[in-house]
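model this:
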Amino acid sequence: MNEKLNKGLAGEYAACSELLKRGYTTRITEGNAKGVDIVLFDNVNKTYKTIEVKTSTKNNVVTGFFQKYYDKTKPHPDYWIIVNIDRYLINHYYILTHEEIGKLQMMRNKMTEYKKIEGCDNLLIKDLEPWKDNWMLLNY
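Numbers count the residues shown, from 1 in each chain. This next block holds a predicted model:
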């Protein structure tokens, strides 16, 4: 397995572990062709939410947002969890809605509307600070 794949899987399992510790019912989706990384179940209302996990060991995180989610009408995850692994191997979590990630990415790209762009979108970890440990966002 390559280092990039290992890092991504580490972030997915870390995020799922945090959710389980907090009492959520979750499942990691398997495979490379998946549309989401984690499914979050609401056992009371019998519904579910989807989560995209992105992992980084740097001061930015690659989102690929407008390469994949350039059309607001297309299916997308409900939430994003950004896992930033620092140099001491400590995980830091940032929890946002899909819409919040889109707004942040538009600001970073200096865009005024959703559209497909070339390259690979990324966000700075420092810009995600307001959403650090924002686990309450996931409450139903």
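
so who does Asn43 touch?
Asn43 sits next to Thr25 when contact means Cβ atoms under 8 Å, 6 or more residues apart in numbering. Glycine gets a C-beta too; all of them are placed from N, C-alpha and C.

Which pLDDT does the model give it?
Per-residue confidence (pLDDT) for Asn43: 83.

Same check on Asn2?
Asn2 is assigned 77 on the pLDDT scale.

do the same with Gly8
Looking at Gly8, its pLDDT stands at 89.

Could you confirm it falls within a helix?
Yes: judged by DSSP: H, G, I helix; E, B strand; the rest coil, Gly8 forms part of a helix.

so it sits right up against Thr55, yeah?
Yes: contact between Gly8 and Thr55 holds when scored by Cβ atoms under 8 Å: they sit 5.3 Å apart.

which of the two has more neighbours?
Thr55 (23 against 17; other Cβ atoms under 10 Å).

gap between Leu9 and Asn2?
To Asn2, Leu9 is 11 Å away according to Cβ to Cβ, to the nearest Å.

which of the residues in stretch 69-77 are buried?
For stretch 69-77, the neighbour count (16 or more other Cβ atoms under 10 Å) marks Tyr69, His76, Pro77 as buried.

host element of the residue lying closest to Asp71 once chain neighbours are set aside?
Sequence neighbours aside, Tyr114 is the residue nearest to Asp71 in space, at 6.8 Å (criterion: Cβ to Cβ, 6 or more residues apart in numbering). For Tyr114, there is no helix or strand it lies in under DSSP states H and E.

residues contacting the residue nearest the centre of the chain?
By Cα atoms, centre = their mean, the chain has its centre lying nearest to Trp80, at 2.8 Å. Applying Cβ under 8 Å, 6+ apart, one finds that Trp80 lies in contact with Ile51, Glu52, Val53, Lys54, Thr63, Ile95, Leu96, Thr97, His98, Glu100, Ile101.
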